[in-house]
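K.L.:
Mind looking at a prediction? Sequence and model below.
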Amino acid sequence: MSTVEIAPGVHWVGAIDWNIRNFHGYSTHRGTTYNAFLIMDEKVVLVDTVKHPFFYEMLGRIKEIVDPEKIDYIISNHVEMDHSGSLPMMLKAAPRAELVTSEKFGEAGLRKHFGFDRPMLTVKEGSSLDIGKRKLVFVPTPMLHWPDSMVTYSPHDELLFSSDAFGQHLATSERFDDEVDPAVVMQEAAKYYANILMPFAHLIPGALKKLGGLSIKIIAPDHGVIWRADPGKIISAYSEWSAGKTRKKAVIVFDTMWHSTAKMASAIADGLFSKGVEVKLYNLTASDKSDIMTHVLDAAAVIVGSPTLNNGMFPSVAEFLCYMKGLKPKGKIGAAFGSYGWNGGAAKAIAQELQQTGIEIVEPELAFKWVPTESELAECAAFGRRIADKIKG
Ligand code: FEO
């Protein structure tokens with residue numbers, strides 16, 4: 001697959017990782033891309049690189065356009081190794097190139113990752129770099145999602161190189177949003193936000209405000225397709241997601257031993273649905289935690305269940321709760337349920353975890369012994385209906 005000119009003189013030279021299915025614990029069912037961009041101006045600039053195993057794929061694309069030795073600057077918007085892993089080899093191929101990175105943690109991060117002892121050009125808020133007819137502007141976006149994170153803006157092209165922000169883990173032969181099913185692009189963008197950026201939601205309005213002052217025709221993230229048809233669409237989505245906007249929707253997450261907790265989950269779902277609430281039901285044995293979090297993103301309620309095992313919850317449920325706690329979902333209500341044999345414990349432990357995650361518990365935990373009876377299942381449905389009433393306010 002060849003390079004793609006995304007604006008006159010600006011070329012995509014990244015790599016496509018069709019087969020990655022686990023990105024540090026995040027399921028990537030559709031693969032991903034590592035986007036890197038070459039700007040051909042009086043100075044030749046490479047914006048970001050690719051994950052280490054894809055170095056030669058990127059180098060081949062760069063060579064279609066220019067001798068890599070002619071590269072003057074390599075901008076590292078973000079130290080994480082999916083974008084910086086090729087830097088050591090790239091600097092050998094481009095020995096004259098000066099590394100450009102954020103003053104805050106960028107330089108320190110690159111030195112600690114790769115042992116670089118070469119001088120670097122460090123940039124901060126308001127810094128710019130003259131490369132000919134273009135003057136590149138750097139905008140730090142600390143903790144979105146690492147302390148070093150920054151974006152690079154080219155006013156000449158009205159183009160934002162947005163690093164991880166606005167990205168999607170989506171491997172495609174096409175490079176632009178308008179060439180791919182928009183529902184797929186938005187679903188992957190939501191999954192990316194929910195699993196990478198959600199913990200930093202409070203910082204996003206400030207970052208969007210800074211970017212709102214820029215005239216942007218194209219957003220080129222480091223993963224997935226480039227937004228050219230309607231960059232405002234993904235900016236609006238980030239604005240809504242970071243504001244914690246929810247729908248009349250509940251996510252039920254559970255595991256089960258002898259099907260008792262599963263029966264309770266179904267009855268709770270029936271109760272919610274009977275009151276007009278959209279329900280998503282996930283058995284953790286068959287579902288992936290990063291997919292579930294994509295649905296938690298806009299859900300008003302998260303309801304979690306487990307059988308009691310050794311006086312506590314199932315390890316699969318504990319793993320999910322640990323993952324969700326780290327992602328810090330905001331503005332949600334929740335409840336816990338489960339089954340037990342002789343001693344309970346799981347539902348109570350879940351309720352405590354949900355509270356510690358910042359989820360408001362709106363119903364006392366519901367737990368039944370052995371196999372739930374018809375009347376106990378009716379109580380589960382009533383539990384679901386009461387939560388539906390709270391969702392609907
Ligand atoms: Fe795509 Fe934070 O790296």
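P.N.:
Thanks, I have the structure now.

K.L.:
give me phi/psi at His202?
P.N.:
phi -70, psi -20 (degrees, to the nearest 10).

K.L.:
Find the nearest non-adjacent residue to it, please.
P.N.:
Closest residue in space to His202, ignoring its immediate chain neighbours: Ser242 at 7.7 Å, by Cβ to Cβ, 6 or more residues apart in numbering. Where you see a C-beta, it was placed from the backbone N, CA and C, and this is true even at glycine.

K.L.:
correct me, but that neighbour touches Pro205?
P.N.:
Yes - the pair Ser242 and Pro205 passes the contact test of Cβ atoms under 8 Å, sitting 6.0 Å apart.

K.L.:
So between the two, which is more surrounded?
P.N.:
Taking neighbours as other Cβ atoms under 10 Å, Ser242 and Pro205 compare with Ser242 leading, 21 against 14.

K.L.:
can you give me phi and psi for the more buried one?
P.N.:
phi -70, psi -20.

K.L.:
swap in Lys112?
P.N.:
The phi/psi pair for Lys112 (degrees, to the nearest 10) reads phi -70, psi -30.

K.L.:
How about the chain: which residue is closest to the ligand?
P.N.:
Glu80 (3.6 Å; Cβ to the nearest ligand atom).

K.L.:
Might you report the residue contacts of that residue?
P.N.:
Counting by Cβ atoms under 8 Å, 6 or more residues apart in numbering, Glu80 touches Trp146, Asp164.

K.L.:
And the chain, split by domain according to the record?
P.N.:
4-242, 250-388 (automatic domain parsing).

K.L.:
is it possible to export those domains to CSV including mean pLDDT?
P.N.:
Listed next are these as CSV, based on pLDDT from 0 to 100:
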stretch, mean pLDDT
domain 4-242, 97
domain 250-388, 98
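
K.L.:
you'd agree Pro329 is up against Val296?
P.N.:
Yes - under the criterion of Cβ under 8 Å, Pro329 makes contact with Val296 at 5.7 Å.

K.L.:
joint contacts of the two?
P.N.:
Contacts common to Pro329 and Val296, judged by Cβ under 8 Å, 6+ apart, are Val302.

K.L.:
what is Thr32 paired to in the beta sheet?
P.N.:
On the basis of DSSP bridges, Thr32 is bridged to Asp17.

K.L.:
thought it was touching Ile20?
P.N.:
Yes - taking Cβ under 8 Å as the definition, Thr32 is a contact partner of Ile20 at 5.8 Å.

K.L.:
more neighbours, the two?
P.N.:
Thr32 (27 against 18).

K.L.:
Could you check how far that one is from Phe138?
P.N.:
Counting by Cβ to Cβ, to the nearest Å, the gap from Thr32 to Phe138 is 25 Å.

K.L.:
And for Pro155?
P.N.:
12 Å.

K.L.:
Looking only at neighbour counts, state which of those two leads.
P.N.:
Under the criterion of other Cβ under 10 Å, the comparison of Pro155 against Phe138 puts Phe138 first, with 24 against 14.

K.L.:
Close to the ligand: what parts of the stretch 101-250 of the chain are there?
P.N.:
Contact residues, the stretch 101-250 of the chain versus the ligand (Cβ under 6 Å from any ligand atom): His145, Asp164, Asp222, His223.

K.L.:
so can I have TSV of the residues you listed showing neighbour count and secondary structure?
P.N.:
Formatted as TSV, those follow (neighbours: other Cβ atoms under 10 Å; DSSP: H, G, I helix; E, B strand; the rest coil):
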residue	neighbour count	secondary structure
His145	18	coil
Asp164	22	coil
Asp222	28	coil
His223	27	coil
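
K.L.:
so can I have JSON lines of the residues you listed showing distance to Met1?
P.N.:
JSON lines is the format used below for those (distance: Cβ to Cβ, whole Å):
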{"residue": "His145", "distance to Met1": "28"}
{"residue": "Asp164", "distance to Met1": "22"}
{"residue": "Asp222", "distance to Met1": "17"}
{"residue": "His223", "distance to Met1": "16"}
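
K.L.:
got the CA positions of stretch 167-181 in CSV?
P.N.:
Taking Å, rounded to 0.1, in the frame of the first residue of the first chain, the C-alpha atoms of stretch 167-181 are listed here in CSV:
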residue,chain,number,x,y,z
GLY,A,167,-8.0,8.2,17.2
GLN,A,168,-9.5,4.8,16.6
HIS,A,169,-8.0,1.3,16.6
LEU,A,170,-9.1,0.5,13.1
ALA,A,171,-7.0,-1.1,10.4
THR,A,172,-8.2,-0.1,6.9
SER,A,173,-6.8,0.2,3.4
GLU,A,174,-8.6,3.6,3.2
ARG,A,175,-7.1,6.5,5.1
PHE,A,176,-10.1,8.9,5.4
ASP,A,177,-13.3,8.9,7.5
ASP,A,178,-15.5,9.4,4.4
GLU,A,179,-14.1,6.2,2.8
VAL,A,180,-15.1,3.9,5.7
ASP,A,181,-18.5,3.0,7.2
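
K.L.:
With that, I have no additional questions.
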